[in-house]
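Participant: Fold the following, please.
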Amino acid sequence: MTDEDRLWYFDVSDGSVSQGKGPSSLTRMGPYPDRESAEHALQIAAERNKAADRADDDWNN
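Facilitator: Next up is the predicted model:
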């Protein structure tokens, strides 16, 4: 198993979490270092978006 095969992904089309690269990269978020992180992919993305929005606001003000 390569290092890449050990990483985890979240599929936004059906909410599934899988390990290793799969054929459907258009609907997947990741990679994540572990299953738990992949299960929280949407929350992680939302937090990162909020942080980026705050940074934009700070930059523009």
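
Participant: Identify the residues contacting the longest helix that the chain contains?
Facilitator: Looking across the chain with DSSP state H, the single longest helix is helix 41-60. Residues outside helix 41-60 that contact it (Cβ atoms under 8 Å, 6 or more residues apart in numbering) are F10, V12, M29, G30, Y32, S37. Using the backbone N, CA and C atoms, a C-beta is placed for each residue, glycine as well.

Participant: Check those and tell me the two furthest apart.
Facilitator: V12 and S37 (15.1 Å; Cβ to Cβ).

Participant: neighbour-wise, which of these two wins?
Facilitator: Taking neighbours as other Cβ atoms under 10 Å, V12 and S37 compare with S37 leading, 17 against 13.

Participant: I'd guessed the more buried one sits against W8; true?
Facilitator: Yes. Assessed by Cβ atoms under 8 Å, S37 is found in contact with W8 at 6.7 Å.

Participant: Who are the contact partners of S16?
Facilitator: The contact partners of S16, by Cβ under 8 Å, 6+ apart, come to F10.

Participant: phi, psi of it?
Facilitator: Main-chain dihedrals, S16, degrees, to the nearest 10: phi -80, psi 160.

Participant: With the one 3 residues further on instead?
Facilitator: Backbone dihedrals for Q19, given as degrees, to the nearest 10, come out at phi -110, psi 140.
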